[in-house]
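>>> what shape does this take:
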Amino acid sequence: MLSITRRPGQRIVIGDDIVVEITEISGSTVRLSIDAPRSVRIYREEIWLEVKRANEEAARAGTDAVPEGGLDQVDRLHAKATSKE
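Take a look at the predicted model:
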C-alpha cells in the first residue's frame with residue numbers, strides 16, 4: 001500500500017484518467033473530489049463491503065446476489081445518499 005501526505009488543494013493522479021483532490025480537511029474528516037470516467041465505479045468502503053457480503057451470501061445460497069441492473073441500483077442509492085452531504 002502506498003501512503004503519501006497531501007494538503008488541501010493537492011492532487012493524486014491514478015493511471016491516465018483518475019484524479020483525486022483533497023478539497024477539505026476538518027478535524028479527523030477529509031473531503032475528497034474524484035475525477036474519473038463514468039465507467040469507473042467508485043464506492044465508499046462500507047458500501048462495497050456490503051455488496052460483497054450480499055454476493056457471498058447469495059453464492060452460498062445458490063442464488064444471484066445482485067439481479068441484473070442491481071449495481072446500477074446501488075449506484076443510484078449511493079449518489080442519492082452522497083448528494084445530501
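
>>> domain assignment for the chain?
Following automatic domain parsing, one finds the domains of the chain at 1-40, 41-85.

>>> adding mean neighbour count and mean pLDDT, write those out as JSON lines.
Just so you know, the C-beta spots here come from the backbone N, C-alpha and C atoms, and that holds for glycine as well. Formatted as JSON lines, the domains of the chain follow (neighbours: other C-beta atoms under 10 Å; pLDDT from 0 to 100):
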{"stretch": "domain 1-40", "mean neighbour count": "10", "mean pLDDT": "96"}
{"stretch": "domain 41-85", "mean neighbour count": "11", "mean pLDDT": "76"}
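
>>> I'd like to know which elements the strand or helix carrying Ala79 is packed against.
Ala79 belongs to helix 70-83 when assigned by DSSP states H and E. If you count contacts as 3 or more C-beta pairs under 8 Å, 6 or more residues apart in numbering; DSSP states H and E, helix 70-83 packs onto helix 45-61.

>>> the helix it packs on versus helix 70-83: what angle between them?
160 degrees (axes from the mean of the first three to the mean of the last three C-alpha atoms, to 10 degrees).

>>> so what strands line up beside the strand or helix carrying Glu21?
Assigning secondary structure by DSSP H and E places Glu21 in strand 18-26. Strand pairing for strand 18-26, using DSSP bridges, gives strand 11-14 (antiparallel), strand 29-35 (antiparallel).

>>> for Arg44, find the nearest of those.
Set against Arg44 and scored by C-beta to C-beta, those come closest in strand 29-35, at 10.5 Å.

>>> kindly export that closest one (C-alpha atoms) in CSV.
C-alpha atoms of strand 29-35 as CSV (Å, rounded to 0.1, in the frame of the first residue of the first chain):
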residue,chain,number,x,y,z
THR,A,29,-12.5,14.2,8.3
VAL,A,30,-11.1,14.5,4.8
ARG,A,31,-13.2,15.5,1.8
LEU,A,32,-12.0,14.1,-1.5
SER,A,33,-13.1,15.1,-5.0
ILE,A,34,-12.6,12.3,-7.5
ASP,A,35,-12.5,12.9,-11.3
